[in-house]
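J.: structure, please.
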Amino acid sequence: MLGLPKSTELNKQLPKNAIYAKFQMSNAEKGKVDADISKILIVNEVSAAKINIAEGEKVKSFFVLAVILKKKEFDEKTIITISKLIPQNMVLVLEYGTQAKLAVYHTKLMQTEWQEQDRLSLELKGLDMDAVWENVLRSIEGGEWKDELSLDENLALREQQQKLEKEIARLKKLARSEKQPKKKFELVQKINVLKSMKN
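T.: Residues are numbered from 1 along each chain as shown. Here you go, the predicted model:
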């Protein structure tokens with residue numbers, strides 16, 4: 001799966017009941033998982049030994065889980081819950097019909113766009129598992145990255161930029177519908193300030 005080396009392949013079902021029992025989930029939480037997820041499989045374990053690369057200081061391995069969804073419009077909170085419950089680094093392949101997307105939770109849920117399953121791939125690049133994992137997160141998050149910043153700093157910066165973009169879009173909409181020239185001018189000034197903060 002995802003073009004990963006054969007040495008990493010596993011094919012273990014992760015029964016939902018085992019997750020419910022281990023983490024003592026409430027009936028409401030179980031209901032949410034059941035509403036969105038049909039089945040969970042552990043399909044790959046990418047570790048230093050299996051791909052012949054140095055262990056990282058923080059990351060020794062990560063798992064790839066195939067999550068077969070019951071509906072395309074799933075509740076992101078369900079995916080976040082599963083990611084938080086299982087104390088491992090995980091890449092989730094969310095599958096619905098013939099389409100799939102990659103998702104990973106690291107301070108927030110990051111996802112790729114939906115595409116045909118056979119077109120999804122995951123490149124393993126880096127000198128050790130820390131670097132490989134960081135590059136996996138970068139590829140799924142998909143934004144521009146500043147090499148001088150850490151992973152978490154980059155993610156925080158991206159989140160801040162996304163908030164600025166939303167605010168700029170909101171102010172542009174207000175400016176378009178504003179009739180009074182003075183107020184319109186003030187809104188345009190605010191937009192310009194936000195745009196300068198974004199760069």
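
J.: low-confidence stretches in this protein?
T.: Low-confidence segments of the chain (pLDDT under 70): 143-145, 198-199.

J.: the strands in it, which residues?
T.: Assigned by DSSP state E, the strands in the chain fall at 9-13, 37-47, 61-69, 90-96, 99-106, 108-111, 115-116.

J.: given the shortest one, what are its sheet partners and their directions?
T.: In this case it means strand 115-116. Sheet pairing for strand 115-116, assigned by DSSP bridges, gives strand 99-106 (antiparallel).

J.: from Asp34, how far off is Gly97?
T.: Relative to Asp34, Gly97 is positioned 19 Å away (C-beta to C-beta, to the nearest Å). C-beta: built from backbone N, CA, C; applies to glycine.

J.: what do you get for Ala131?
T.: 38 Å.

J.: so these two - more neighbours on which side?
T.: Taking neighbours as other C-beta atoms under 10 Å, Ala131 and Asp34 compare with Ala131 leading, 16 against 13.

J.: quick one: residues contacting the more buried one.
T.: Contact analysis of Ala131 by C-beta atoms under 8 Å, 6 or more residues apart in numbering lists Gly56, Lys125.

J.: which of the strands of the chain sits closest to Leu137?
T.: Proximity to Leu137 (C-beta to C-beta) singles out strand 99-106 among the strands of the chain, at 5.6 Å.

J.: what's in contact with that closest one?
T.: Here strand 99-106 makes contact (C-beta under 8 Å, 6+ apart) with 2, 72, 79-80, 83-84, 90-94, 109-117, 120, 122, 136-137, 140, 151, 155.

J.: do a quick rundown of the helices in this structure.
T.: Taking DSSP state H as the test, the helices found in the chain are 16-22, 27-36, 48-51, 76-85, 129-141, 151-177, 181-198.

J.: for the second one, which outside residues touch it?
T.: Outside helix 27-36, the residues within contact range by C-beta under 8 Å, 6+ apart are 16, 19-20, 25, 69-71, 74-75, 77-79, 81-82.

J.: the residues you listed, buried ones only, as a ChimeraX selection?
T.: Entered in ChimeraX, the line below selects the buried ones among those, by 16 or more other C-beta atoms under 10 Å:
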select :16,19,20,25,69,74,78,79,81,82
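
J.: just the C-alphas of stretch 111-128, formatted as CSV.
T.: In CSV, the C-alpha atoms belonging to stretch 111-128 read as follows (Å, rounded to 0.1, in the frame of the first residue of the first chain):
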residue,chain,number,x,y,z
GLN,A,111,-5.4,15.7,5.4
THR,A,112,-4.7,15.4,1.7
GLU,A,113,-7.4,15.8,-0.9
TRP,A,114,-9.5,12.8,-2.0
GLN,A,115,-8.1,10.9,-5.0
GLU,A,116,-8.2,7.4,-6.5
GLN,A,117,-6.8,4.9,-4.1
ASP,A,118,-4.2,3.6,-6.6
ARG,A,119,-2.8,7.1,-7.0
LEU,A,120,-2.0,7.6,-3.3
SER,A,121,1.6,7.1,-2.3
LEU,A,122,3.9,8.0,0.6
GLU,A,123,7.6,8.8,0.0
LEU,A,124,10.0,7.8,2.8
LYS,A,125,12.9,10.3,2.7
GLY,A,126,15.3,11.4,5.4
LEU,A,127,18.5,10.3,7.2
ASP,A,128,16.7,8.9,10.2
